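using only what follows, build the 3D model:
(2 chains)
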Amino acid sequence: MRQFRNMIYPYAVWTAIMIVLPMLMILLYAFTKAGNDVTTFRFTLENFARFFQDAVFLDVLKRSLVIAVVTTIVCVLFGYPIAYVIASGPEKSRVFWILMITLPTWINMLVRTYAWVGILQDDGLLNRVFALFGIGPFHMMYTTFAVVLGMVYNFIPFMILQIHTSLSKMDKSYLEAASDLGANRVQSFLRVTLPLSLPGVLSGITLVFLPAVSSFFIPKLLGGGQYVLIGNVIETQFLTSGDWNFGSAISLIMAVIIMVSMYLTRKVDTDPAASGRRE
Amino acid sequence: MAPKQRTGIGGKIILGLTALFFYLPILYIIVFSFNDSRSLTKFSGFSLQWYERMFSDRTMMQAIVYTIVIAILATIISTLAGTLAAIGLSRSRRALRNVVEQVNNLPIMNPEIVTAIGLLMFFSALGVNKGFLTLLLAHIMFCTPYVILSVSPKLRSLDPNLADAALDLGATPLQALTKVIVPQIMPGIVSGALIAFTMSFDDFIISYFVTGNGVNNISILVYTMSKRVNPSINALSTLVIVLITVSLLIVNLVPIIKERRREKE
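From the prediction side, this is the model:
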């Protein structure tokens, strides 16, 4: 079956040009000085030094990480019960609810994020609902709360879908065995269901953390112009101040952080002590 | 998952709140697109003025046209290229396959902003003017990996002897491809094309970095317009929501209806 083997070469060349080369350019720019042309590269670590020596940038990095971690935690805390309820329902309602969760993810993220602007205003829908209960009004727009809410809204479907997949793959007989052996519902959840669904939680965490840490339009739309996360710094470097070398270095730092966190997540996943006993 | 019973009252509350959380903002934006004042918070009366403004606004109409044209072109090209690449990939040597698969995963695994700035620097190093062409190339670049990911599993479950049999029976390679392989992997191709279309239609980050010279798509327009209160965004958003929802419903419902008809016969 060799006839179609050659069909891979055009795509291999395309990926080398359109995927690999741009990545190499980021590396090259990150480690060189501004103003170089093709003949005279001056290698330097200055771009990285500038980032790590500036308290402003370190603050931005810290804030981005905190917001991404908080978003991820909120997504697990709310996503797990939702996935659990969906997965424990009858087949027909499962299909329906998975479609309900998936449908919004197909709609433009910017549009869905912008939708919250009216809801979160000082005289917006949420504050009017609060007023019915005699609380508020709260100032929500352009706060960390709004940014985290926007991120959770956009990214929690990934978490729900991942957890749901691993819950519905679970072998039902394990639970019967647990209850036959005298476990009550809480025990069988904690010792059977939860450990078995952990791979889903972990891949959900990766799928939420990655876009959360690199997001730049959610902070811009819901946090306002003053609200700067690392994605916004990269945007500014490339589209406003035009310092590509520094911008490349920052995105490299971000990529390394993401890779390290993905590696750690995967390590937990393959470590039997941490993820319960899976065969 | 274990108990296949009806969802309890607690579960129903959780599901109800989930639906509210996901759909309230979408409904909100649709309702306020018909508002007759500029306010995003007070609905003062029904009007179609924001739709009129949208349809008479040249930049908005241009963005809609660009979005649709790019999405259609990127879908066609990336579906064709991705299907051919996936077939080639399934037949090629393991070492080459591994490398191409890894590289193919890069745009999916990388944060979009990293892919975006890579392309931005790449295009300007080539001296290409940012605009329609760079936008289209970028969209083909990030759509094709998804097509390959969606077609490859279908190829893996395909019996490799089938194509061989066709060739032995005198089919040309092209015939073996179009009459034997492609029909078998059609579901993968269709879902790959659907993913490609919505990825391209909805893309913001990569488009925002690689476009220029006044070529905008809907997402970029929403981003730049949202800095000021402008209810035309609501009208535009409603248009996007309706377009995507209708096409998704068609894609999801057509197989179900076909199935029902077949059962009746």
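
can you tell me the centre-most residue of the chain?
Because you didn't say which chain, this covers chain A. Closest residue to the average C-alpha location of chain A: residue A:208 at 2.5 Å, with CA atoms, centre = their mean.

that's the wrong chain, I wanted chain B
residue B:198 (1.6 Å).

quick check, the residue nearest to the centre of chain A in contact with residue A:69.
No - assessed by CB atoms under 8 Å, residue A:208 is found out of contact with residue A:69, at 10.1 Å. Placement of C-beta: from N, CA and C, glycine included.

who are the contact partners of the closest residue to the residue nearest to the centre of chain B other than its chain neighbours?
In space, and not counting its chain neighbours, residue B:198 is closest to residue A:106: 5.2 Å by CB to CB, 6 or more residues apart in numbering or on different chains. Residues in contact with residue A:106 (CB atoms under 8 Å, 6 or more residues apart in numbering or on different chains) are B:198, B:202, B:244, B:248.

of those residues - the most surrounded one?
residue B:202 (23 neighbours; other CB atoms under 10 Å in any protein chain shown).

need the contact list for that residue.
Counted by CB under 8 Å, 6+ apart, residue B:202 has contacts A:106-109, B:219, B:244.

residue B:201 contacts residue B:69, correct?
No - the criterion here is CB under 8 Å, and residue B:201 misses it with residue B:69 at 10.9 Å.

between those two, who's got more neighbours?
residue B:201 (25 against 14).

the residue of the stretch 101-250 of chain B found nearest chain A: how many residues sit nearby?
The nearest approach of the stretch 101-250 of chain B to chain A comes at residue B:118, 3.0 Å away (CB to the nearest CB). Neighbourhood size, residue B:118 [other CB under 10 Å]: 30.

Provide the secondary structure category for residue A:141.
coil (DSSP: H, G, I helix; E, B strand; the rest coil).

what sits against it?
Contact analysis of residue A:141 by CB under 8 Å, 6+ apart lists A:117, A:120-122, A:124, A:222, A:224.

out of those, which one sits closest to residue B:229?
Proximity of the contacts of residue A:141 to residue B:229 (CB to CB) peaks at residue A:117, which lies at 8.5 Å.

once you drop chain neighbours, what's closest to residue B:32?
residue B:234 (5.0 Å).

so where is chain B shaky, pLDDT-wise?
B:1-6, B:265 (pLDDT under 70).

ditto for the stretch 151-279 of chain A
A:269-279.

recalculate using a threshold of 50.
A:274-279 (pLDDT under 50).

circling back: the residue of the stretch 101-250 of chain B closest to chain A: which element?
helix B:112-126 (DSSP states H and E).

which other helices and strands contact the next helix-or-strand element following that helix?
Per DSSP H and E, the first helix or strand lying C-terminal to helix B:112-126 is helix B:132-156. If you count contacts as 3 or more CB pairs under 8 Å, 6 or more residues apart in numbering or on different chains; DSSP states H and E, helix B:132-156 packs onto helix B:58-91, helix B:94-109, helix B:112-126, helix B:182-202, helix B:205-210.

what helices and strands are in contact with the third one?
It refers to helix B:112-126. Using 3+ CB pairs under 8 Å, 6+ apart: helix B:112-126 touches helix A:21-30, helix A:194-214, helix A:230-239, helix A:244-270, helix B:132-156, helix B:205-210.

alpha carbons of the third one, as PDB, please.
Which is helix A:230-239. Extracted C-alpha coordinates of helix A:230-239, given in PDB (Å, rounded to 0.1, in the frame of the first residue of the first chain):
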ATOM      1  CA  ILE A 230       0.500  38.700  30.100                       C
ATOM      2  CA  GLY A 231      -1.400  38.300  26.900                       C
ATOM      3  CA  ASN A 232      -2.100  42.000  26.800                       C
ATOM      4  CA  VAL A 233       1.600  42.800  27.300                       C
ATOM      5  CA  ILE A 234       2.400  40.600  24.300                       C
ATOM      6  CA  GLU A 235      -0.300  42.300  22.200                       C
ATOM      7  CA  THR A 236       1.100  45.700  23.100                       C
ATOM      8  CA  GLN A 237       4.600  44.700  22.200                       C
ATOM      9  CA  PHE A 238       3.600  43.500  18.800                       C
ATOM     10  CA  LEU A 239       0.800  45.900  17.800                       C
END
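
chain center to that helix: distance?
18 Å (CA atoms, centre = their mean, to the nearest Å).

for the second one, same thing?
Between the centre of helix A:194-214 and the centre of its host chain there is 8 Å, according to CA atoms, centre = their mean.

that helix near chain B anywhere?
Yes - applying CB under 8 Å from any CB of the partner chain, one finds helix A:194-214 in contact with chain B at A:210-211, A:213-214.

among these, which two are most distant?
Farthest pair in these (CB to CB) is A:211 and A:213. Separation: 7.6 Å.
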